[in-house]
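Engineer: no sequence for this one, just the structure:
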């Protein structure tokens, strides 16, 4: 893979998210995953067809075992599909790519590196010159609100701040697609809310496509352009809900009737196929 | 947006902490003083024969006269060399084997049962063999030191490298890092605190290895001196040599402890 010099973000447009208007950037066709388990087959994900457009914010909700993390790992190229295919930027996914960033539930920071050195770690792996990317890293650290902590070590930071570092780390190498597997699941409610607002603001400004896995329906509806509802046994997509709430969204958005209607709509899809409502 | 810094305000915590540390240091000193006093009084009061336990002052005097002799310096440097060479070789071998077993699953599957089996042998029984194989000189003692000191390094290196969190491996995979990059940037630094614990143990074992080797067959070294003075019933000198050995062990340990703190600066304070 050829490493181009980091491209300034401006060309990707800072305009409000053109929901449903961008070109497809992530597509899945018949994407399936079967795990072998003690001689038997466990279907983790069955026949997922999905088209995600550039700049979209997509949330995946569903109970444990619905295959949402499996889907994310396959789009990331971390897990081979057993059926179907995923494309990112028109290329079939066969291995991890620099165009796709991954964020985990835990920050996964290296405790012997400062905030800045943690953020620069991917650039080292990619073989980029530190001098070329340093300004970019500083700017991103500033953007996630950690400008005063560039030289701090992870253990000096709170859980929320550590997750901000993880966010800065992935944003610095400018992926087109950001995959997030319950990134704020371990944070307290207040911190999580703040992080969600921040994440929306930053990814929207940068025009990054986000695939966001969560257990939390409220969070999913609040942040995304579409909510993909998934159900387990076997893991599959049960419905997709368009979230047509206007942007930018604020805490006030949550008080609207349309907001709670959408939550009930998502809940309904989960409940129908679940059979416990 | 407000950012909460949960790191403890350092200045506020330091003072009570320091006071506490000082108090415990005083307790330690008090215990040492009591032991030394008992050691001095018991033989003088006739509670124990001075042949079994010479008074502390006698041992101190013996030590003082001993360290001023040339022959003692010779024996001292012989043993110190054996310990250091054995420790360095043992650590290097343990490190290399530990890395090999951790990064190469096939090697681990094949070799690990032998490693465990080898560890089950009380390796001191090899001492006479090593004398036969490598002679009365220093090399047999070095081999003994290596053989008992490499194991804690091996195990800790392996365990440390294998305890890298799954998410960290996944992160490196998502960046398409090469195995070498993952090893250097993540696995090795992650394992370093555990490896270092093994290295500290290795030093203690290297001292034991060298001394045991000298006990079994040697014509020089501190272990040889202990044997010699024991036969001559110069127990004050036996104790004097033991004190010297204690200083070697403790000195090395504190040196490693200091290095540990310098090297693994990110370890949280409460682990120290």
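Structural biologist: Structure's in. What do you need? As the structure is a prediction and not an experimental result, all values here were calculated from the model.

Engineer: from now on I want contacts and neighbour counts done on CA atoms only, so please keep to that.
Structural biologist: Fine.

Engineer: run a quick neighbour tally on the closest residue in space to residue A:253 that isn't next to it in sequence.
Structural biologist: In space, and not counting its chain neighbours, residue A:253 is closest to residue A:259: 7.0 Å by C-alpha to C-alpha, 6 or more residues apart in numbering or on different chains. Residues lying near residue A:259 (other C-alpha atoms under 10 Å in any protein chain shown) number 18.

Engineer: the residue in the stretch 51-200 of chain B positioned nearest to chain A: how many residues sit nearby?
Structural biologist: The nearest approach of the stretch 51-200 of chain B to chain A comes at residue B:174, 5.2 Å away (C-alpha to the nearest C-alpha). When neighbours are counted by other C-alpha under 10 Å, residue B:174 registers 22.

Engineer: ditto for residue A:153
Structural biologist: Residue A:153 has 20 neighbours, counted by other C-alpha under 10 Å.

Engineer: one more: residue B:147?
Structural biologist: 24.

Engineer: over to residue A:130?
Structural biologist: 14.

Engineer: residue ranges in chain B under the pLDDT threshold?
Structural biologist: B:1-14, B:268-272 (pLDDT under 70).

Engineer: outline the domain layout of it.
Structural biologist: Chain B resolves into domains spanning B:21-51, B:54-271 when parsed by automatic domain parsing.

Engineer: need the winner for burial among those.
Structural biologist: domain B:54-271 (a mean of 19; mean count of other C-alpha atoms under 10 Å in any protein chain shown).

Engineer: any idea how far stretch A:181-200 is from the chain center?
Structural biologist: Distance of stretch A:181-200 from the chain centroid (C-alpha atoms, centre = their mean, to the nearest Å) equals 12 Å.

Engineer: distance between the ends of it?
Structural biologist: 16 Å (C-alpha to C-alpha, to the nearest Å).

Engineer: flag every residue of the stretch 51-200 of chain B that's near chain A.
Structural biologist: Within the stretch 51-200 of chain B, the positions near chain A by C-alpha under 8 Å from any C-alpha of the partner chain are B:167, B:168, B:170, B:171, B:173, B:174, B:175, B:176, B:177, B:181, B:186, B:189.

Engineer: still on that earlier bit, please tell me I have it right and the residue nearest to residue A:253 contacts residue A:244.
Structural biologist: No. The pair residue A:259 / residue A:244 is not scored as a contact, 9.4 Å apart, by C-alpha atoms under 8 Å.

Engineer: show me the helices in the chain, by range?
Structural biologist: Using chain A. Applying DSSP state H to chain A gives helices spanning A:68-76, A:115-126, A:130-143, A:159-172, A:189-206, A:217-223, A:257-274.

Engineer: that was the other one, I meant chain B.
Structural biologist: B:10-44, B:56-67, B:70-103, B:105-120, B:127-134, B:138-162, B:166-174, B:179-182, B:188-216, B:222-231, B:235-263.

Engineer: contact partners of the second one?
Structural biologist: It refers to helix B:56-67. B:36, B:39, B:40, B:72, B:73, B:236, B:237, B:239, B:240, B:241 (C-alpha atoms under 8 Å, 6 or more residues apart in numbering or on different chains).

Engineer: which residues touch residue A:121?
Structural biologist: residue A:169.

Engineer: the residue of the stretch 51-200 of chain B closest to chain A and residue A:74 touch, don't they?
Structural biologist: No. In this structure residue B:174 lies outside contact range of residue A:74 using C-alpha under 8 Å: 11.2 Å.

Engineer: nearest to residue A:234, out of the domains of chain B?
Structural biologist: Residue A:234 lies closest to domain B:54-271 among the domains of chain B, at 25.1 Å (C-alpha to C-alpha).

Engineer: pull the distance from the closest one to the chain's centre.
Structural biologist: On C-alpha atoms, centre = their mean, the centre of domain B:54-271 falls 5 Å from that of its chain.

Engineer: same check, this time on stretch A:241-257
Structural biologist: Relative to the chain's own centre, stretch A:241-257 is displaced by 19 Å; criterion: C-alpha atoms, centre = their mean.

Engineer: what comes up buried for that stretch?
Structural biologist: By neighbour count with 16 or more other C-alpha atoms under 10 Å in any protein chain shown, stretch A:241-257 contains the buried residues A:241, A:242, A:243, A:245, A:253, A:254.

Engineer: list the contacts for the fifth one?
Structural biologist: Counting by C-alpha under 8 Å, 6+ apart, residue A:253 touches A:222, A:245, A:259.

Engineer: any idea how far residue A:266 is from the first one?
Structural biologist: For residue A:222, the distance to residue A:266 equals 12 Å [C-alpha to C-alpha].

Engineer: just to revisit the earlier point, residue B:267: which of the residues of the stretch 51-200 of chain B next to chain A is nearest?
Structural biologist: residue B:189 (11.3 Å).

Engineer: now the closest one: closest residue in space, sequence neighbours ignored.
Structural biologist: Setting aside the residues directly before and after it, residue B:189 is nearest to residue A:112 in space (C-alpha to C-alpha, 6+ apart), at 7.8 Å.

Engineer: repeat that for residue B:207.
Structural biologist: Spatially, and ignoring its direct neighbours in sequence, residue B:207 is nearest to residue B:83 (5.5 Å; C-alpha to C-alpha, 6+ apart).

Engineer: does the one you found touch residue B:206 like I think?
Structural biologist: Yes. Using C-alpha under 8 Å, residue B:83 is in contact with residue B:206, at 5.4 Å.

Engineer: tell me what the helix or strand bottoming out on mean pLDDT in chain A is packed against?
Structural biologist: One helix or strand of chain A scores below all others by mean pLDDT, DSSP states H and E: helix A:257-274, with a mean of 86. Applying 3 or more C-alpha pairs under 8 Å, 6 or more residues apart in numbering or on different chains; DSSP states H and E, we find helix A:257-274 packed against helix A:217-223, strand A:226-231, strand A:236-242.

Engineer: chain B: which of the ones you listed is closest?
Structural biologist: So among those, helix A:217-223 is nearest, using C-alpha to the nearest C-alpha, at 18.3 Å.

Engineer: what packs against the closest one?
Structural biologist: Under the contact definition 3+ C-alpha pairs under 8 Å, 6+ apart, helix A:217-223 sits against strand A:57-61, helix A:189-206, helix A:257-274.

Engineer: dump the residue contacts of the residue nearest to residue A:253.
Structural biologist: A:221, A:222, A:245, A:253.

Engineer: okay, it and chain B: tell me how far apart.
Structural biologist: 24 Å (C-alpha to the nearest C-alpha, to the nearest Å).

Engineer: tell me how far that residue lies from residue A:266.
Structural biologist: In terms of C-alpha to C-alpha, residue A:259 sits 11 Å off from residue A:266.

Engineer: now residue A:165
Structural biologist: Taken as C-alpha to C-alpha, the span from residue A:165 to residue A:266 is 32 Å.

Engineer: noted, bye for now.
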